[in-house]
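Chemist: Quick one, what's the 3D model for this:
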Amino acid sequence: MMDIVTLIASIPRIESLLNVSLPSVIAQTCLPNRIVLVTDNVPLTDQELTAVKALVAPIQVTALINQRAQGAAGSWNTGLIYIDNQFEDCYVAILDDDDCWHPNHLDQCISLSEQGRADVVLSGIAVVQEGKLVIANIPNNIVQSDFLIGNPGWQGSNTFCRLQLLRKVGGFSDGLISSNDKDLAIRILSIPEIVITYTQIVTVTWNLGMHSNSLSANGSFQKIKGCAQFLSLHGKLMSTDQLDKYFERTLSKFNITKQVILNEINANKDNKIVAGSLF
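Modeler: Alright, predicted model coming up:
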């Protein structure tokens, strides 16, 4: 069976790690071979790391600090570099620090990996806010165009990919503030003959809005910048109709107008994000 490495990026938020994400990892019916935990701003204290290791024993934990651009993409890329140095190939299973896996998540993913032939295994993800189910997204037969405007259910915490595939696409896009899941999906789905399988059941819970942050605030500068970065990377793939729908969505969901996004793109022409340049 292919090795599985759990990759977690955190600010760090030690309470979420100890009470939400990590308990769901140790509860897996199919345990990962290793946990790689990357903190973005500061390393875990000795006391925090001791608590983490005690919680997930006997799974081995490697704690790193982000060596790339600040943010989730840089943190994940720091982890991928480490994993790449340790494993010839494996499955990388990502989990956000405030989300949780159902006990059968990794078991379902590895069981439906066609004995390692699948490049990606996608499971369903439940969106929960304040303890109530908002929607259950169960991806199936996805195509690249699905991710140009919205997202049919490929998020960080249900990302289960072969390391060799993540090498091929260059990992995540350092410095991309938001839409890292969509960016990764678009680049992976551009590869001919990619093999994706689907569990077709929900095995992940995405805890929406558990932590307040400026990124999710309507009209925030961070969200404007993230939308502009995404459009700069992938706007060329959009038809006129898709582009119109993209701007309609940013207005309705985030109260960000087309002109505001275009102004941000024009203001940062010389400071563009490079998509997937890790390897």
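Chemist: for stretch 42-61, the distance to its chain's centre please.
Modeler: Put simply, stretch 42-61 sits 22 Å off its chain's centre (C-alpha atoms, centre = their mean, to the nearest Å).
Chemist: tell me which residues in that stretch are buried?
Modeler: Buried residues in stretch 42-61, counted by 16 or more other C-beta atoms under 10 Å: 44, 48, 51-52, 55-56, 59, 61. In short, each C-beta sits where N, CA and C put it, glycine included.
Chemist: Give the rounded mean pLDDT of it.
Modeler: Regarding stretch 42-61, the rounded mean pLDDT is 97.
Chemist: Could I have the CA atoms of that stretch written out in PDB?
Modeler: Output in PDB follows, covering the C-alpha atoms of stretch 42-61 (Å, rounded to 0.1, in the frame of the first residue of the first chain):
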ATOM      1  CA  VAL A  42       6.300  31.200  14.500                       C
ATOM      2  CA  PRO A  43       7.400  27.700  15.500                       C
ATOM      3  CA  LEU A  44       5.600  25.700  18.000                       C
ATOM      4  CA  THR A  45       6.900  26.000  21.500                       C
ATOM      5  CA  ASP A  46       8.500  23.000  23.100                       C
ATOM      6  CA  GLN A  47       5.500  22.600  25.300                       C
ATOM      7  CA  GLU A  48       3.100  22.800  22.300                       C
ATOM      8  CA  LEU A  49       5.100  20.300  20.300                       C
ATOM      9  CA  THR A  50       5.200  17.900  23.200                       C
ATOM     10  CA  ALA A  51       1.400  18.100  23.500                       C
ATOM     11  CA  VAL A  52       1.000  17.500  19.700                       C
ATOM     12  CA  LYS A  53       3.300  14.400  19.800                       C
ATOM     13  CA  ALA A  54       1.600  13.000  22.800                       C
ATOM     14  CA  LEU A  55      -1.800  13.400  21.200                       C
ATOM     15  CA  VAL A  56      -1.000  11.600  17.900                       C
ATOM     16  CA  ALA A  57       1.400   8.900  19.200                       C
ATOM     17  CA  PRO A  58       2.500   6.500  17.700                       C
ATOM     18  CA  ILE A  59       2.300   8.600  14.400                       C
ATOM     19  CA  GLN A  60       5.600  10.400  13.800                       C
ATOM     20  CA  VAL A  61       5.300  14.200  13.600                       C
END
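Chemist: Name the residues that touch that stretch?
Modeler: Under the criterion C-beta atoms under 8 Å, 6 or more residues apart in numbering, residues 12, 14, 17-18, 22-23, 25-26, 31-37, 63, 65 lie in contact with stretch 42-61.
Chemist: Restricted to helices, list those residues.
Modeler: The members of these that map onto helices under DSSP state H are 14, 22-23, 25-26.
Chemist: Show me what counts as buried in stretch 166-177.
Modeler: Of the residues in stretch 166-177, those with enough neighbours to count as buried (16+ other C-beta under 10 Å) are 166, 168-177.
Chemist: Looking at those residues, which is nearest Ala118?
Modeler: Sorting the buried residues of stretch 166-177 by how near they are to Ala118, with C-beta to C-beta, puts Leu166 at the top with 13.7 Å.
Chemist: coming back round to it: redo the buried residues of stretch 42-61 as CSV? Include distance to Asn77.
Modeler: Formatted as CSV, the entries for the buried residues of stretch 42-61 read as follows, by distance: C-beta to C-beta, whole Å:
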residue, distance to Asn77
Leu44, 19
Glu48, 23
Ala51, 26
Val52, 21
Leu55, 26
Val56, 23
Ile59, 22
Val61, 19
